[in-house]
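Novice: only the shape, not the letters, is given here:
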């Protein structure tokens, strides 16, 4: 089966290359090659899907002679994790990406119309670039020796989110390729005014799916990893955020292009940036350059040159075409005055572009600083300093945008006054009630409150008109998400606390009691009773020891309330000390006293044990023990046989006590002994203790609610686009105006712009 998988990849590479060649010939005017090109691409898709199915079969068949199966699957894993191991490693994710891209290519082939030839040429070239990587590093590579079982997934991936988060992420990556194909085809064919609507549908789809995947990943980290947050600005996390930010800007540029025929050059640029960001993120995460800076980064598989070649090819192709056609793209005014919604939208696009570039620079810091002696990543302060002003600017634009007409002029003065009043009252309230006096937070929450009220009123107005507007819903949800993110991170309170077992400790207004330890299949759970004001619950903090994993994996307990989350994260666990009667350290000639016994250590006597054939070593400690006016010479010993340490304790005080050697310090000439017996008082028993970090995250539910609203709007928008895929004029459901009838310019064509 392994050979079959390799053959399928070879065949897919050849047929994808032939599809690119025949589509290029057809694109040059040889229409008779279109049918052949389609068949090549269809056959390539079948072979890619067959290779994907073959890898899945090998995983389910537990064929650990395959290196990939051995590395990411094991016999004791549940079925759903075995399925998820398909995308647990680099080779599998590349193959999944290929399968999703080729299937989307079949859809595009069906609906691209006159863009089919160019689009399919570029998509086929992209598939070839991925297939070449799999030729270099095949998922069907054989193990050098047979293994009876596999390593299994990384314990951090053993979560139900693993079954859905990565596939959705690659659906978004694959969908981001399609608008890029449209843009390049439009540049070659000089169809600058007719490509955007089709590209916009795919952009909206990619934006929605990728955004949903990002939020899923954030929630996965929040409930599993125990560091208390959902976004750490990790370079690998950012590699998916950057394309999403550019896709957000891309949606708005394509919308402005459709509404006002403006931003033509910038719309082409943003489409390319979104796709390039996907390729660049792939290079960062899979080349190994971030191995020292990100817990998510993959190791270097020796494919760096192929990743770089693919990235450079598509960057050069896109840049060259754009520069070559730059003067040919006639810019048209997209707004009349500053006081227009088109101007504000264009300004928002610029802010998003700047935000994406800032995240890109921060993410690339480990790569950029490799030229210095100390390569390093930027701190979290960099992102707070750079991205908080970006968030404030976006919130102000979200608040202002619905108040202006597309062409020019204010559309609702009362709503503007309402927004200003809400802004001022929010800032004053934050200061008066002692919430914060930091200017950046005052501006952020003030702008968010104004945006919430204005967009909420606009959304309600659209509902009263029986017209659900996904644009309004998305902007409202984004505002809610910003409020939740800023409040939960900026105003969170936390405290590190040690909980001795069965002792009540107070922290953040809660009574905490570490009660019981429950053994589990993977380790143990520590149960902590949390009580405040009659409200009580038991938090279960898991400590898991996975096969082939170093250390312990600790999982938090999250208690959800309406206005905040209480987050309990285990940090350390100390087992109860019930069998340790205490130890004493003595240097040569030293004396210590315990329970009336004065012990003096003189020296060691070393030699062979009783059984010379065993070649054992024996060390005797010469001790003098004085008590009650009596002095005794005793000689406890320790014997080493076959790497085992065997203790030979010595009795004293009429057998009422014993002394045992528990350790040697030959480099210091010292010995560690333990006194025990009825006349020796053991030290107090130390109970088990649990160190946790307890934190409160105010309004974090607003973040999850806001993201749900945003991407729900995206799904609604995609659904509406599919209903109009027959070529009719698209409904004006994306128009974000307050009074659309007063805002429709005569310059917009009445027919379908696509």
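Specialist: On my side now, so go ahead. Note that this is a predicted model, so its numbers are computed, not measured.
Novice: the longest helix belonging to the chain: how far from the chain's middle?
Specialist: Longest helix in the chain by number of residues (criterion: DSSP state H): helix 196-224. Distance of helix 196-224 from its chain centroid, counting by Cα atoms, centre = their mean, to the nearest Å, is 13 Å.
Novice: so which bits of it are buried?
Specialist: Under the neighbour-count criterion of 16 or more other Cβ atoms under 10 Å, helix 196-224 has 196-224 buried. All C-beta atoms are positioned from the backbone trio N, CA, C, and that covers glycine.
Novice: same thing with stretch 427-437?
Specialist: Result for stretch 427-437 [16+ other Cβ under 10 Å]: buried residues 427, 430, 436.
Novice: just give me the closest of the residues you listed to residue 127.
Specialist: Closest approach to residue 127 among the buried residues of stretch 427-437 (Cβ to Cβ): residue 436, at 51.5 Å.
Novice: which SS class is that closest one?
Specialist: Secondary structure state of residue 436, per DSSP: H, G, I helix; E, B strand; the rest coil, is coil.
Novice: any idea how far the closest residue to it other than its chain neighbours is from residue 443?
Specialist: Once flanking residues are discounted, residue 436 sits nearest to residue 430: 5.5 Å by Cβ to Cβ, 6 or more residues apart in numbering. Plainly put, residue 430 is 10 Å away from residue 443 if you go by Cβ to Cβ, to the nearest Å.
Novice: try residue 648
Specialist: Following Cβ to Cβ, the distance that separates residue 648 from residue 443 is 76 Å.
Novice: what does residue 322 give?
Specialist: On the measure of Cβ to Cβ, residue 322 and residue 443 end up 36 Å apart.
Novice: and if you look at residue 637?
Specialist: 76 Å.
Novice: what do you get for residue 251?
Specialist: 26 Å.
Novice: check residue 241 too.
Specialist: 23 Å.
Novice: these two: which is more packed in?
Specialist: residue 241 (22 against 19; other Cβ atoms under 10 Å).
Novice: now the more buried one: which helix or strand?
Specialist: Taking DSSP states H and E as the definition, residue 241 sits inside helix 235-260.
Novice: and residue 64, how many residues sit next to it?
Specialist: 21.
Novice: is it in contact with residue 146, as I believe?
Specialist: Yes - when contacts are counted by Cβ atoms under 8 Å, residue 64 is listed as touching residue 146 (7.4 Å).
Novice: got the contact list for residue 108?
Specialist: 116, 119-120, 123, 178, 181 (Cβ atoms under 8 Å, 6 or more residues apart in numbering).
Novice: farthest-apart pair in those, please.
Specialist: Across the contacts of residue 108, the longest distance by Cβ to Cβ is 12.1 Å; it joins 116 and 178.
Novice: surely residue 540 forms part of a strand?
Specialist: Yes - looking at residue 540 with three-state DSSP, it is inside a strand.
Novice: check what pLDDT it gets.
Specialist: Turning to residue 540, the model gives it a pLDDT of 94.
Novice: just give me the neighbour total for it.
Specialist: Residue 540 has 15 nearby residues by other Cβ under 10 Å.
Novice: in what helix or strand does the residue nearest to it when sequence neighbours are not counted lie?
Specialist: In this structure, residue 540 finds its nearest non-sequential neighbour in residue 525, 4.8 Å apart by Cβ to Cβ, 6+ apart. In the assignment (DSSP H and E), residue 525 maps to strand 523-532.
Novice: give me the contact list for that strand.
Specialist: 499, 509-518, 536-545, 552, 557, 559, 566, 568, 570, 573, 690, 692.
Novice: in stretch 529-542, what's buried?
Specialist: 529-530, 539, 541-542.
Novice: how far does it sit from the chain's center?
Specialist: 29 Å.
Novice: ends of it, what's the gap?
Specialist: Stretch 529-542 stretches 14 Å from its first residue to its last (Cα to Cα, to the nearest Å).
Novice: before we move on, what about stretch 505-516?
Specialist: For stretch 505-516, the end-to-end distance is 15 Å (Cα to Cα).
Novice: I'd like the next helix or strand past the helix holding residue 241.
Specialist: helix 264-286.
Novice: what mean pLDDT does the helix or strand following that following helix have?
Specialist: Sequence order places helix 304-325 as the next helix or strand after helix 264-286, per DSSP H and E. Helix 304-325 carries an average pLDDT of 92.
Novice: cool, and stretch 471-480?
Specialist: Stretch 471-480 comes out at a mean pLDDT of 93.
Novice: with stretch 55-62 instead?
Specialist: Mean predicted confidence for stretch 55-62 is 95.
Novice: distance from the chain centre to that stretch, please.
Specialist: With Cα atoms, centre = their mean as the basis, the mean position of stretch 55-62 lies at 27 Å from the chain mean.
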